[in-house]
Each structure stands twice: as structure tokens, then as C-alpha cells.
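> Dropping a prediction and its sequence here:
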Amino acid sequence: MLSPPDTSKTMKLERYNSYIRKVNSTKLLNASSKLLFRATLLIALILVFLFTFNYPPLSSSENNTNHHFHTRTNFLSSAFGGGAAWEKQVRHSSTPRRPNGMSVLVTGAAGFVGSHCSLALKKRGDGVLGLDNFNSYYDPSLKRARQALLKQHQIFIVEGDLNDAPLLSKLFDVVPFTHILHLAAQAGVRYAMQNPQSYISSNIAGFVNLLEVAKTAKPQPAIVWASSSSVYGLNTENPFSELHRTDQPASLYAATKKAGEEIAHTYNHIYGLSLTGLRFFTVYGPWGRPDMAYFFFTKDILQGKNIDVYQTKDGKEVARDFTYIDDIVKGCIGALDTAEKSTGSGGKKKGPAQLRIYNLGNTSPVAVGKLVGILEGLLSTKAKKHVIKMPANGDVPYTHANVTLAFKDFGYKPTTDLASGLRKFVKWYVGYYGIQPRVKKDIHDSA
Ligand SMILES: O=C(O)[C@H]1O[C@H](OP(=O)(O)OP(=O)(O)OC[C@H]2O[C@@H](n3ccc(=O)[nH]c3=O)[C@H](O)[C@@H]2O)[C@H](O)[C@@H](O)[C@H]1O
């Protein structure tokens, strides 16, 4: 008789195996739940990062327009562009409050000239909707402060990029804009050597995108936009007239503005868009741009830092036709008021349309050294001047506007000299940045 098999060892082995399986499966479970947990945490962190840190600071009017920013703007516009509350804000902001008032889309509304023009238009009863991408070319907190100021006056700024075609089309679906005041651009003459693509993206691609949307709009809006005194480039005739050569730009910035003027011609010719380009001459004033010389000279003088004052190669002073912001605003509004309607509709030209270019300057060039002297007086502080030859960075030695044409067509007449304008700027500057000591008491007291 066969004795029964001794299963005790087998059973022990099975029990052991099943124990090991349990331990392993628990380990596996633990490992996979850990993995799941970590993956969830990672996704959550990515989402928090995207929504907390990356939104909203898209870079304006003066624009950081690289691919990353565009992708994000497109995403945002589709997420925020269609809601009823958003549309209500857009409509409310752009509705005129006076009979026959305009409904103006102001691009670059959080920028220097854009914010001033938006306020002026709104104050007289026009509807204003802003568009700005709040890029970080210069301190975006200044753009946010301008936005807050505009908000107090019921002006809403849509946060988005000129290159976001669906967003622009959406705005035109919601509002039948009568005018566009196009001031969004990559500004700055010297920065073009550091970031050339940003100029192409904003000043050329962005402008074309805007014109593409405008041409198909029903009704087509009339467009007034910012060109630049820099288009005169190496022109040697003075003062600069609209009839002078503008085919020798000295910087990529100037070249993109000149390209804008040619592009404007094309859209006017093919689609009947009414287009007015304004050549601004070194605009300055309260709420100005920190990348401009008068602004960072003020900062550096107050902080006791050296400032570079440029001279031409032959030792002459560099001069600019510095133009005060209020004069520029009057010029922009004059151009808007005299802009004729576009003649096309839905992408089809119906007849010839208005095409204009104007200088908007002060007609009185001042040497940069003199500007520094005025600032020294207003700030009661001696500047640490470092006079150097102008680097080959796109600057031109001299600008001087002839504004006869703008005077003839819409009464443009600058009224603020550099000393008065800088006084107003310094008053704003010390107030905005909370700087009290040293600065002349009468600056604080004067209106
Ligand atoms: O009219 C325009 O279309 C342009 O105007 C403005 O350009 P610019 O006239 O070059 O102004 P801005 O930089 O303030 O330099 C002022 C003066 O200071 C000199 N300058 C500058 C820097 C420096 O360190 N030292 C110096 O002497 C410099 O050589 C110059 O003579 C806008 O920025 C530009 O966006 C565009 O709108």
C-alpha cells in the first residue's frame, strides 16, 4: 500500500508562495498607487503653474510676441472670448455715450500713448475697447496700473495678442467698430538689435493680422495707426516733411514702421480700407515708457547712477523733436475725427478710400544734453553725465518735424515746450514711485 503522499511540505510551500504573492501584490498595489499619486500630483502642479504663474502676464503695446506667448493667447481667447459676461463687458466699454460717437478699438491700450488716447476718447463720450497683451518689454506693473486707471473710467482692456486672429474676429463679431486706433507695437529703436523677431511679429505680422480682420468686417472700420519719425532714417533734409525720402531706415524698428506704411497702402488699394499713419516724434510725458531716455535718465539721476549722453561721430549734440503726450493725443483724435469711412465691405472694395500720412512732432528739436540739464533742475540733483559717441545701434542724430500738413487737415498745433512737459512728467514720476526728498517743492504744488 502506498502510503499517502506527505503533503505537509507542499502545503507549506503553497502557503509560503501565496504569502509571497500577497506581499508582492500589496507591494505592486502600493507602487502603482504611489505612481498614480505622483502622476496626479505632477499634473496638478503643472496646472497650478500654468494658471497661477503664466496667466495673465502676456507680454504691449509693446509686445513680447514669441511663439510660446501666442499659443497661450490663443488658448486664453478661446477660453475667455465667448462668455456672456465677457461679451457684456466688451459691448459696454465700446458703446458711445454721445450722439454720433465713435466706437473705437484701441490696440496697445495699456501702453503709454494708448492709455492716454483711450481716456481722452472716453471722456468725450466715445466708446473705447482696449486690446493689449501686457508683454514684459518693460515693467508690466506700469501697464497694469494704466489698466486700473482705465477701468475707473469704464474702459475694458481685452487681454490678447494682435496675432490672435480668432480673438480679433470675435471682437468684430461682438462690436461693429467704426474706428481702430492701432497703437500696439514693439517700440524702441535700440532694442531691435537684441530682439529683431519681436518687431517682425508685432509691427508686421500683427499689423497684417489686424488689417485682415478689418478688411472682412462689416462695416469696415477706419484705421488710424502709429508710424514713427524714425522712418526718415538717414534723410538729411530738415525739417522732416512727409514728402521727404523714407527709404533709408537706420534701424529694424524704423524698417518695420516703414513696411507698415507700405502695407497700409496695399490694404487701402485692394480692399478700400481708410488708413491714416501718424509719424510720432519721441513722445514723452506722465505714464511714459521706462525704456525711453528721459524716463531712465530721471531714474538714474535720482539714484546717483551714471547716464550716457550721446554725441554724433563728429562731436555734435544729438537732438530730438521731443513731443508732449497731450499734443500727440490731440493729433490722434484729430486724425480719427477727420478719417473718412472705409469704402469696402466683407473683403470687397467698393471705391477709392482715404490714405494719409502725417508728422506729429513738436517742431522744436532739443539737444539731449539740454534735456538732462532741465531734469537736473527739476530734480535738484546733478547728473553724472558720461558723454560718449553714439553707438551704431540704429539711432539717428537729429529729428525735426514739419507739421504743416497735420495743421492744415485737422488743426494740429503742439503747445507744450520740453521744460513744461518734463515738469509734468517729473511731478507724475515722483508721485507714482513715491519719491519725496530733493525734488523741488513747487513740482509737488504745481498743477
Ligand atoms: O520718434 C520715434 O519714432 C521714436 O522715438 C523714440 O525713440 P528715440 O527718439 O530714440 O527716443 P529715446 O530712446 O528716448 O532717445 C532719446 C534721445 O536720447 C539719446 N540717448 C538715448 C539713450 C542713452 O543712453 N543716451 C542717449 O543720449 C538718443 O540717441 C536720442 O537722441 C521711441 O523710443 C521710439 O519707440 C520711437 O517712437
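Ah, there it is. Quantities reported herein were computed from a predicted structural model and do not represent experimental measurements. Numbers count the residues shown, from 1 in each chain.
> what residues are up against residue 361?
229, 240, 279, 280, 281, 321, 323, 399, 400, 401, 403, 414 (CB atoms under 8 Å, 6 or more residues apart in numbering). (C-beta placed from N, C-alpha, C; glycine too.)
> please redo it, this time with the cut-off set to 10 Å
Applying CB atoms under 10 Å, 6 or more residues apart in numbering, we find residue 361 in contact with 229, 239-240, 279-283, 320-323, 327-328, 331, 399-403, 406, 412, 414.
> what about residue 317, distance to the ligand?
Using CB to the nearest ligand atom, to the nearest Å, residue 317 is found at 9 Å from the ligand.
> Residue 224 sits in which helix or strand?
strand 222-228 (DSSP states H and E).
> Using CSV, write out every CA atom in that strand.
In CSV, the C-alpha atoms belonging to strand 222-228 read as follows (Å, rounded to 0.1, in the frame of the first residue of the first chain):
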residue,chain,number,x,y,z
ALA,A,222,-11.4,103.5,-40.5
ILE,A,223,-7.9,102.9,-39.1
VAL,A,224,-5.5,105.4,-37.6
TRP,A,225,-2.2,103.9,-36.6
ALA,A,226,1.2,104.7,-35.2
SER,A,227,4.1,105.0,-37.6
SER,A,228,7.3,106.8,-36.4
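> quick check: angle from the helix or strand just after that strand to strand 222-228?
Next along the chain after strand 222-228, taking DSSP H and E as the criterion, comes helix 252-271. Calculated by axes from the mean of the first three to the mean of the last three CA atoms, to 10 degrees, helix 252-271 forms an angle of 160 degrees with strand 222-228.
> Do helix 252-271 and the ligand come into contact?
No: judged by CB under 6 Å from any ligand atom, helix 252-271 stays clear of the ligand, getting no closer than 6.6 Å.
> Return the list of helices and strands in contact with the helix or strand just after that helix.
Of the helices and strands lying after helix 252-271 in sequence (DSSP H and E), the nearest is strand 275-280. Using 3 or more CB pairs under 10 Å, 6 or more residues apart in numbering; DSSP states H and E as the contact test, the elements touching strand 275-280 are strand 179-182, strand 222-228, helix 252-271, helix 325-338, strand 355-360, helix 404-410.
> May I have strand 275-280 as PDB, with CA atoms only?
What follows is strand 275-280, C-alpha atoms only, in PDB (Å, rounded to 0.1, in the frame of the first residue of the first chain):
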ATOM      1  CA  LEU A 275      -5.900 104.300 -43.400                       C
ATOM      2  CA  THR A 276      -4.000 107.100 -41.600                       C
ATOM      3  CA  GLY A 277      -0.400 106.700 -40.400                       C
ATOM      4  CA  LEU A 278       0.900 109.100 -37.800                       C
ATOM      5  CA  ARG A 279       4.700 109.600 -37.500                       C
ATOM      6  CA  PHE A 280       5.200 110.300 -33.800                       C
END
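> Please compute how far it lies from its chain's middle.
Relative to its chain's centre, strand 275-280 lies at 17 Å (CA atoms, centre = their mean, to the nearest Å).
> Strand 222-228 and that strand, what's the angle between them?
With the same axes, to 10 degrees defining the directions, strand 275-280 sits at 30 degrees from strand 222-228.
> So strand 275-280, near the ligand or not?
Yes: legend: contact between strand 275-280 and the ligand by CB under 6 Å from any ligand atom is shown at residue 280.
> Next, the angle from that strand to strand 355-360.
Using the same axes, to 10 degrees: strand 275-280 against strand 355-360 is 20 degrees.
> Show me what the helix or strand just after strand 275-280 is packed against.
Next along the chain after strand 275-280, taking DSSP H and E as the criterion, comes strand 283-284. Applying 3+ CB pairs under 10 Å, 6+ apart, one finds that strand 283-284 contacts helix 112-123, helix 293-302, strand 323-324, helix 325-338, helix 418-432.
> pLDDT weak spots in this structure?
For the chain, residues meeting the criterion pLDDT under 70 lie at 1-81, 437-447.
> Within range of the ligand, give me the residues from it.
187-189, 228-230, 280-282, 292-293, 308-310, 318, 320, 368, 390, 395.
> swap the cut-off to 5 Å and go again
187, 189, 228-230, 281-282, 292-293, 308-310, 318, 320, 368, 395 (CB under 5 Å from any ligand atom).
> Phi and psi next, for the residue in the stretch 301-447 of the chain that the ligand sits nearest to.
Per CB to the nearest ligand atom, residue 310 is where the stretch 301-447 of the chain lies closest to the ligand, at 3.6 Å. Here is the backbone geometry of residue 310 (degrees, to the nearest 10): phi -80, psi 150.
> hang on, the earlier thing: point out the most buried one among the helices and strands packed on strand 283-284.
strand 323-324 (a mean of 26; mean count of other CB atoms under 10 Å).
> Remind me what it packs against, helices and strands.
strand 283-284, helix 418-432.
> Take those and write them to JSON lines, including distance to residue 108.
Putting those into JSON lines (distance: least, CB to CB, whole Å) gives the following:
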{"stretch": "strand 283-284", "distance to residue 108": "13"}
{"stretch": "helix 418-432", "distance to residue 108": "20"}
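> Between the helices and strands packed on strand 283-284, which one is closest to residue 222.
For the helices and strands packed on strand 283-284, proximity to residue 222 was assessed by CB to CB; helix 325-338 is nearest, at 7.7 Å.
> ok but residue 370 is inside a helix, no?
Yes: under DSSP: H, G, I helix; E, B strand; the rest coil, residue 370 sits within a helix.
> Would you mind confirming that it is in contact with residue 317?
Yes: here residue 370 lies in contact with residue 317, judged by CB atoms under 10 Å, at a distance of 8.0 Å.
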